[in-house]
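Colleague: give the three-dimensional model of this entry:
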Amino acid sequence: NGVDTSITNVILQGYESAQSPNAQPDLVSLFEKAKPNARYKIQWMKDALEAMPPVNWLVSGLVSENSLSMFFGSGGSKKTWTLLDMAFAVATGSKWLDFNTVKAPVLFIDDESGQRRLNRRIQSVGASYPNSSNAKLANISGAMFNFSGNSGDDLLLEQAIRTTGAKLCIIDSLSTLLAGANENAVSEVQPVFVKLRNLAERTSCAIILIHHTSKDSKSYRGSTAIRNAVDLSLLVQSEPDSDHINYSTDKVRDIEPLKFGATAEFSKMAGSNELARVTLHEAAYRADNGASGKSVSAQSQKILEILRDSPNIYAADIRAELISRDVELTQEAVKQRLKSLKSKGLIASTGSAGRPHQYRLIEEV
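Modeller: Sure, this is the predicted structure:
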């Protein structure tokens, strides 16, 4: 039944000894003789009172070695840009926002973007870091590591961590690790996080999971077991058309609750819509983050100008007009900005399900 027979035998020996007159069995020495397997180690009060080594921080006061963290946010909240920027900061020993880092190898696991898009993102973020070409930043894309069931993928990832010497491993995203499991079921989520915790402990590597929010965009998606299992849970909030990012701790174990911010600077290549450089700058946390206010990006301001000139216009026509004004946005990016402007009560749309909507301005801006 999975019981260690050596321990069982020792317990029986102690019980039999206790039946003898005046017997005082030394159960401690009997357990020590049993030499139980590596699943656990019994420690006593003298062990707990020994001086503890200092915490080995990778990102000072935020992420430490052999810890398990989760950064979660809605689509377009710049959570992947955030973690790529942190990856470069640790890999080069540079400051990340207002946090000091300790230089260490980093492994970025991508199962969301694909190798080509990931490489472009790495180049864009790396352009902000001197000598980034020498950074000890490795990546694996498309491996689709799955920790649910008995695939053995946790051991495969451990091999990659040991091969690269990584002290920080960022996984994009948790959804892939849980593939095939019900992320709302404790019984299916817990075994995955047991593997993640053991992996972090065995390798002394900090593991950061990128995850998505639920529909309210303020809480993570899935079981309470996810939050219970991590040392740090951090919410990333940013509107798709905003350059500001808010960070707030949802759960902490080793630090005080934190709120801080950043601004993301996106620079494009000359004569192209492709990104040349992405830089994150330290900034203050904003209580509203523009979500309840009327602040909009320069690109969204252009959309408002177009709607002021041409009411009741389709998204495709808005994009064509933006291009004529030297504003390059994909159709999807236009739709994201229109959605954001609607949520702020600045524009309205008319149209039926499955049909293109026409957009109009609600108020002067």
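Colleague: where do the strands sit along the stretch 201-350 of the chain?
Modeller: 206-212, 232-237, 244-252, 259-268, 275-283, 313-314, 347-350 (DSSP state E, counting those that start in this stretch).
Colleague: want to throw the ones you listed into JSON lines with mean neighbour count?
Modeller: Bear in mind the C-beta positions are built from the backbone N, C-alpha and C, glycine included. Shown next, in JSON lines, are the strands of the stretch 201-350 of the chain (neighbours: other CB atoms under 10 Å):
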{"stretch": "strand 206-212", "mean neighbour count": "24"}
{"stretch": "strand 232-237", "mean neighbour count": "23"}
{"stretch": "strand 244-252", "mean neighbour count": "19"}
{"stretch": "strand 259-268", "mean neighbour count": "16"}
{"stretch": "strand 275-283", "mean neighbour count": "16"}
{"stretch": "strand 313-314", "mean neighbour count": "16"}
{"stretch": "strand 347-350", "mean neighbour count": "16"}
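Colleague: as a markdown table, these with mean pLDDT and distance to Glu328 would be great.
Modeller: Converted to a markdown table, the strands of the stretch 201-350 of the chain look like this (pLDDT from 0 to 100; distance: least, CB to CB, whole Å):
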| stretch | mean pLDDT | distance to Glu328 |
| --- | --- | --- |
| strand 206-212 | 97 | 27 |
| strand 232-237 | 97 | 26 |
| strand 244-252 | 96 | 22 |
| strand 259-268 | 93 | 8 |
| strand 275-283 | 94 | 11 |
| strand 313-314 | 91 | 19 |
| strand 347-350 | 88 | 21 |
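Colleague: now do the SS call for Ile171.
Modeller: strand (DSSP: H, G, I helix; E, B strand; the rest coil).
Colleague: what's the burial count for it?
Modeller: A count of nearby residues for Ile171, using other CB atoms under 10 Å, gives 25.
Colleague: for it, which non-adjacent residue is spatially closest?
Modeller: Spatial nearest neighbour of Ile171, excluding adjacent residues (CB to CB, 6 or more residues apart in numbering): Ile109 at 4.5 Å.
Colleague: distance of the one you found relative to Ala160?
Modeller: Separation of Ile109 from Ala160 (CB to CB, to the nearest Å) stands at 8 Å.
Colleague: could you tell me which residues touch both of the two?
Modeller: The overlap between the contact sets of Ile109 and Ala160 (CB atoms under 8 Å, 6 or more residues apart in numbering) consists of Ile140.
Colleague: neighbour-wise, which of those two wins?
Modeller: Ile109 (27 against 16).
Colleague: and the strands in the stretch 1-150 of the chain?
Modeller: Along the stretch 1-150 of the chain, the segments classed as strands by DSSP E, counting those that start in this stretch run 57-59, 63-64, 68-73, 106-110, 137-141.
Colleague: mind putting those strands in TSV, mean pLDDT included?
Modeller: Conversion of the strands of the stretch 1-150 of the chain to TSV gives the following (pLDDT from 0 to 100):
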stretch	mean pLDDT
strand 57-59	98
strand 63-64	98
strand 68-73	97
strand 106-110	98
strand 137-141	98
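Colleague: contacts only, for the closest residue to Pro356 other than its chain neighbours.
Modeller: Once flanking residues are discounted, Pro356 sits nearest to Tyr314: 5.1 Å by CB to CB, 6+ apart. Contact analysis of Tyr314 by CB under 8 Å, 6+ apart lists 356-359.
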